[in-house]
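Colleague: Just a sequence and a predicted model for now, questions to come.
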Amino acid sequence: MKKPSLGDRNTFGILPVLLGCWWAAAGIAAGPAAEPPTDDAGPAAVVEALENGLIAAMRAGKAMDFTARSAFLRPLVERTLDIPRMGRFIFAANWRTFDEAAQQDFIAAFSRLSVANYAKHFDQYKGERFEAVAVEQPDEARARVRHRLIKGSGEAVAFDYLLLNSGGVWRIVNIITDGVSDLALKRSQYAMLYNEGGLEAVIAEIDAQSRKFADG
């Protein structure tokens, strides 16, 4: 039986579809990294910070190679995405069976993949833009930030960012694009790998995909 590969589907799920963001300030070369949101930033500000950093990387174009874009985006991605919580959702009850070292290995690999994915796909700007639609916050712990991507062709794509508040800090836990959950796709993809080879197989494939992004 052929080992399932994350490359058989869109590896990072929906996120590479993000081809535009809020208009970022000029002067990207002024600092070594994208500006992460502060710890007290609200849900909308967290999303806007991620999008602003991505558009800044895109506007830099060929002035940044893959390594430079990765270094630029890494602090922003690690601040805005709640990767430990994503891991708990992806592996469900199995997550609790991993020791701390194994959990940290997955978190590190998934962080590398997240950064590599953005660095690979956000390398040039083509005039797309995001529009804010709504922010829904049913309580102090949950929020949904709704944006709409307007492509150059005029086509609109709906993006719903789901965020959770942990210890007063908002982070993104899922992105739903036109009704399709990125995290649900990952859970399905990684389940096949986990059932065949355990957590080590999942991490090995994640690292392989990160290298593939880096190699172009």
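Modeller: Ah, there it is.

Colleague: which residues sit against the lengthiest strand in the chain?
Modeller: When every strand of the chain is counted residue by residue (DSSP state E), the longest turns out to be strand 156-166. The list of residues contacting strand 156-166 from outside it, by Cβ atoms under 8 Å, 6 or more residues apart in numbering, reads 17-18, 43, 46-47, 82, 85, 130, 133, 140-151, 170-179. Placement of C-beta: from N, CA and C, glycine included.

Colleague: Now, of those residues, which are buried?
Modeller: Restricting these to buried positions leaves 17-18, 43, 46-47, 82, 85, 130, 143-147, 149-150, 170-177, with burial counted as 16 or more other Cβ atoms under 10 Å.

Colleague: Which ones among the contacts of strand 156-166 map onto strands?
Modeller: Secondary structure from DSSP E places 130, 133, 142-150, 170-177 of those in strands.

Colleague: The longest helix along the chain packs against which elements?
Modeller: Among the segments of the chain that qualify as a helix by DSSP state H, the longest is helix 182-215. When contacts are defined as 3 or more Cβ pairs under 8 Å, 6 or more residues apart in numbering; DSSP states H and E, helix 182-215 packs onto helix 66-80, helix 83-91, helix 100-121, strand 169-177.

Colleague: So which bits of the second one are buried?
Modeller: Pointing back at helix 83-91 there. 83, 84, 85, 86, 87, 88, 90, 91.

Colleague: ok, the closest residue in space to the second one that isn't next to it in sequence to residue 72 distance?
Modeller: Nearest non-adjacent residue to residue 84, counting by Cβ to Cβ, 6 or more residues apart in numbering: residue 107, 5.6 Å away. According to Cβ to Cβ, to the nearest Å, residue 107 stands 21 Å off from residue 72.

Colleague: Among the two, which residue is more densely surrounded?
Modeller: Between residue 107 and residue 72, counting by other Cβ atoms under 10 Å, residue 72 is the more crowded of the two (22 against 15).

Colleague: right, and the more buried one touches residue 35 too?
Modeller: No: between residue 72 and residue 35 no contact is recorded; they are 10.4 Å apart, counting by Cβ atoms under 8 Å.

Colleague: Find residues that contact each of these two.
Modeller: Between them, residue 72 and residue 35 have residue 53 as joint contacts when contacts are counted by Cβ under 8 Å, 6+ apart.
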